[in-house]
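what follows is a predicted protein model with its sequence.
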Amino acid sequence: MDTPRRSTLLAGVGVAVLVLTAVLGPVLAASGDAATDGDAAERTLVGVQGVGSYHSGGRVLALANDSLAWSENSSETYFDVTRLENGSVVVGFMQGGYAQCGPYESPCARTGFRIVDPDADAGPEIVHEWSFPVRSRANSEVHDVEPLPDGGFVLTDMDAERVLIVRGGEVVWEWRAESRYPPPADPTTVDWLHINDVDRIGDGRFLVSVRNANQLVVLQRGEGVVEVINEDGDEATLNHQHNPQWLGDGAVLVADSENHRIVELHRADNGTWVPVWTLESAQGKRLNWPRDADRLPNGNTLVTDTRNARLLEVNESGTVVWRHQFPYLYLPYEADRVPGNERVGGPVYGDDAVAQAANQADAVPVLTPAFRLVSAAAPLPLWFGEWHLLSAVVGVGLLAVGAVVRRRGG
């Protein structure tokens, strides 16, 4: 076969592979990713970090079953959402373009929390904001804010790596991580610890996620850190986790983000924490950077599967009983089922032995880590998976080889 015909054949096969991938991929995926019981959820609050970007298109939204009840999108990014007793919603946010910048050059970004009134006459609107200026929009956000019984709020500050309580617009207490972790010269210039979650789990007692240390710490006001989960920072136990939920003394549910799973850890007799239940996939699709998991009063688990742009409610066996699929450019950060929000305490799974959830999809050597690297760099269609990546690489490779053969035979 002469060179032009050989190069044309290679290019033609490459184009065919790419076309078949694009055409058959979504068709075959649709049958395995169908919605389930739409009546399982009454209302779900969601904080969306961005649309197609970590720093644009944030929104707070409420779903009634699988339909959009309302949405507020005035911030570049939104994070943790919590419904207040009066029906308003408090949410962590980051926004640029402020003139009041303290020590930083104007315009600057500010972060903190906002309160959204979903029932305002003209539609959902911001009725309150507490914020402070930060050097950078990246890795300096307030990712979590929670209401306290006395009317104040406890929140995380990734810029200065601290946990603080705000009451009446003033900081009335704070815990700085440098009291336990050796600090850099200026924690506001580096993504040092990335403290991304705090939950009140008792009187003056808080569960705090120290993401970059792969640790959860129990913090007691007046005493400091009184317990550490994953003290040696073992990545096999926790790897850059988000949004842990305290199920009760000796049990915690965690979105183990960089391990791409949801894990329930129990305290063993020797004081270490061991996994008793994990969820790595649902409806045939592996989780991809999940960042929230809440154990619901009915015993199911609500999961925010960020890079797959979906919410899942699964039972203990891993079976999906409710699902909401966002457009693939969305980056959902956290979800709460209301009116109860994320609760302290809840049903626990597992026994002394590790009990894996059903429907786990096996990872594919080389392809799975490659797929996750690609999906972290750019949004992919919802149907796109490891085998689609392989076929796309083969198709592009054949096109490239065909071009080389034509050039050499030129």
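Noted; the coordinates are in hand.

pLDDT below threshold where in the stretch 251-400 of the chain?
Applying pLDDT under 70 to the stretch 251-400 of the chain flags the ranges 351-389, 391-392, 394-395, 397-400.

can you give me the helices for it?
Listed in chain order, the helices of the stretch 251-400 of the chain (DSSP state H, counting those that start in this stretch) span 367-377, 386-409.

how long is stretch 50-61 from one end to the other?
Start-to-end span of stretch 50-61 (C-alpha to C-alpha, to the nearest Å) is 12 Å.

how far does it sit from its chain's centre?
Distance of stretch 50-61 from the chain centroid (C-alpha atoms, centre = their mean, to the nearest Å) equals 13 Å.

how about that stretch: buried residues?
Neighbour-count burial for stretch 50-61 flags 50-51, 54-55, 57-61 (criterion: 16 or more other C-beta atoms under 10 Å). To be clear about C-beta, it is placed using only N, CA and C from the backbone, and glycine gets the same treatment.

and which of the residues you listed is nearest to E170?
Taking C-beta to C-beta as the measure, E170 lies nearest V60 of these, at 25.1 Å.

how about the nearest residue to that closest one once chain neighbours are set aside, what does it touch?
Excluding the flanking residues, the one nearest V60 by C-beta to C-beta, 6 or more residues apart in numbering is E72, at 4.7 Å. Shown in contact with E72 (C-beta atoms under 8 Å, 6 or more residues apart in numbering): 59-61, 116, 118, 124-126.

sort the buried residues of stretch 50-61 by pLDDT and name the bottom one.
For the buried residues of stretch 50-61, the weakest pLDDT value sits at Y54, with 80.

mind checking how far that residue is from Q325?
Going from Y54 to Q325 by C-beta to C-beta, to the nearest Å gives 20 Å.

what of V218?
From V218 across to Q325, the span is 36 Å (C-beta to C-beta).

the more surrounded of these two?
V218 (19 against 16; other C-beta atoms under 10 Å).

what bridges to the more buried one?
L207, E227 (DSSP bridges).

so which of the contacts of E72 comes closest to L329?
For the contacts of E72, the nearest to L329 is R59 (12.1 Å; C-beta to C-beta).

apart from its chain neighbours, what residue comes closest to the closest one?
N73 (3.9 Å).

got a pLDDT number for the one you found?
Value for N73, per-residue pLDDT: 96.

quick one: which of the buried residues of stretch 50-61 sit in strands?
If you go by DSSP state E, these have 50-51, 59-61 in strands.

looking at those, spot the one nearest G151.
Nearest member of those to G151, counting by C-beta to C-beta, is V60, at 21.2 Å.

bridged to the closest one, which residues?
Under DSSP bridges, the residues paired with V60 across the bridge are G47, E72.

please tell me how far it sits from W277.
V60 is 30 Å from W277, by C-beta to C-beta.

residue contacts, the residue nearest to the spatial centre of the chain?
Centroid check for the chain by C-alpha atoms, centre = their mean gives R291 as the closest residue, at 2.5 Å. Residues near R291 by C-beta under 8 Å, 6+ apart: 242-243, 255, 257, 304, 306, 332-334.

what about stretch 317-331, how long is it end to end?
OK, stretch 317-331 end separation, C-alpha to C-alpha: 26 Å.

buried sites along that stretch?
318, 320, 322-326, 328, 330-331.

try stretch 116-124
116-118, 124.

how far does that stretch sit from its chain's centre?
On C-alpha atoms, centre = their mean, the centre of stretch 116-124 falls 26 Å from the chain's centre.

ok, and what's touching it?
So stretch 116-124 is in contact with 60, 62, 69-72, 87-91, 125-127, going by C-beta under 8 Å, 6+ apart.

surely N212 is within a strand?
No: under DSSP: H, G, I helix; E, B strand; the rest coil, N212 falls outside any strand and is assigned helix.

which residue sits closest to it, ignoring its sequence neighbours?
H194 (4.7 Å).

okay, that neighbour and R291: tell me how far apart.
12 Å.

mind saving the C-alpha coords of stretch 248-260 as PDB?
The C-alpha trace of stretch 248-260 is given here as PDB (Å, rounded to 0.1, in the frame of the first residue of the first chain):
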ATOM      1  CA  GLY A 248     -21.800  10.000  67.600                       C
ATOM      2  CA  ASP A 249     -18.900   9.300  69.900                       C
ATOM      3  CA  GLY A 250     -16.600   6.900  68.000                       C
ATOM      4  CA  ALA A 251     -18.200   7.200  64.600                       C
ATOM      5  CA  VAL A 252     -17.700   9.800  61.800                       C
ATOM      6  CA  LEU A 253     -18.800  10.000  58.200                       C
ATOM      7  CA  VAL A 254     -16.400  11.700  55.800                       C
ATOM      8  CA  ALA A 255     -16.200  12.700  52.100                       C
ATOM      9  CA  ASP A 256     -12.700  11.200  51.500                       C
ATOM     10  CA  SER A 257     -12.200  13.400  48.400                       C
ATOM     11  CA  GLU A 258      -8.800  12.400  47.000                       C
ATOM     12  CA  ASN A 259      -9.600   8.800  47.700                       C
ATOM     13  CA  HIS A 260     -12.800   9.300  45.700                       C
END
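
noted, bye for now.
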